[in-house]
Structure formats: C-alpha cells, structure tokens
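Student: I need the structure of the sequence given here:
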Amino acid sequence: MTDSEERLPESDEEWRERLTEEEYKILRERGTEPKFSGDFLDVDEDGEFTCAGCGTALFGTDQQFDSGHGWPSFFDVVEEGNVETRLDTSHGMRRTEVVCANCEGHLGHVFDDGPDPTGKRYCINSAALDFDAEE
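Tutor: Predicted structure coming up:
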C-alpha cells in the first residue's frame, strides 16, 4: 500500500503526529517557507515529487525549471487531477492556491508567467514535497 492509499488523518492531532512541524505549518496551515531555503530548489537527479502529506504524485523533474523566484517551480503537473486550484485572497492579494487533490494539503501557488508549453509557474514549497529518485 502506498502512502496515497493509506487512511488520511482525520484530526489536527493526527496530522501533527504524521508531519514535521514545518510540513504541518505549510500543508495544514497554508504557510510559506523562506525564499531560497528549500531542499528541492536544485535537484540533479531524475524523479518525481510527491505530496509530503500523503504521497500523491505531483510533479516530475522533467517539468521543473529554475524560475529564480526562490521556490521549486514547475510548468506542469505529473497527472491532471492530482492537484486542485483555489482562489486565495489572503494577505490582500488575489492568487491561485495549489493544493493536493488527495489530502487537500497546501502546496503553494500557480502563476501565468511560466515557460512554454503551458505558460504556468507552479511555485511550490519544498517542505510540502518528498522526492522519489528514479532508479
């Protein structure tokens, strides 16, 4: 059974037991890690980024690019339906939030200033991700 097939925590207490403090802050409280601080800003191996909360496949290294904005950036998702977007009007801004479709964990935001072929820049917190290197 993969993480994404396991029973998801139902309470904040269960989520706190499952996640690190930083993962909880980002995934469950919609936090943001400091710019240029994440572990997955520069990944040299091929592989797949999964949700740190539930293991759902989110992004591949073949979709990653260096946006220069300080967070891991991707121009597309691994599989449509694995992420959802929502309107985010917090902090006096109007942005599009990206969440894991399986566990509803906050991942980051998506912007319309990315490269071809999609023109999207999924700006994602490293702490919301795990990385599975290809073997």
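Student: show me what contacts the residue nearest to the spatial centre of the chain?
Tutor: By C-alpha atoms, centre = their mean, the chain has its centre lying nearest to residue 107, at 3.5 Å. Applying C-beta atoms under 8 Å, 6 or more residues apart in numbering, we find residue 107 in contact with 27, 51, 58, 83, 98, 99, 100, 122, 124, 125, 128, 129. Quick note: C-beta positions are derived from backbone N, CA and C, even for glycine.
Student: change it to 7 Å
Tutor: 83, 98, 99, 100, 124, 125, 128 (C-beta atoms under 7 Å, 6 or more residues apart in numbering).
Student: which of those lies closest to residue 37?
Tutor: residue 125 (9.6 Å; C-beta to C-beta).
Student: measure the closest one to residue 75 for me?
Tutor: Distance, residue 125 to residue 75, by C-beta to C-beta, to the nearest Å: 17 Å.
Student: Looking at these two, which has the bigger crowd around it?
Tutor: residue 125 (27 against 20; other C-beta atoms under 10 Å).
Student: Residue 103 contacts residue 50, doesn't it?
Tutor: No. Between residue 103 and residue 50 there is no contact under C-beta atoms under 7 Å: 11.1 Å.
Student: Quick check: bridge partners of the closest residue to residue 104 other than its chain neighbours?
Tutor: Of all residues not flanking residue 104 in the chain, residue 84 sits nearest, at 7.8 Å (C-beta to C-beta, 6 or more residues apart in numbering). Residue 84 has the following beta-bridge partners by DSSP bridges: residue 99.
Student: got it, and residue 65?
Tutor: Bridge pairing for residue 65 - DSSP bridges - gives residue 73.
Student: List the contacts of it.
Tutor: 73, 75, 115.
Student: Might one say that the second one is in contact with residue 114?
Tutor: This means residue 75. Yes. Assessed by C-beta under 7 Å, residue 75 is found in contact with residue 114 at 4.7 Å.
Student: overlap in contacts of the two?
Tutor: 120, 121.
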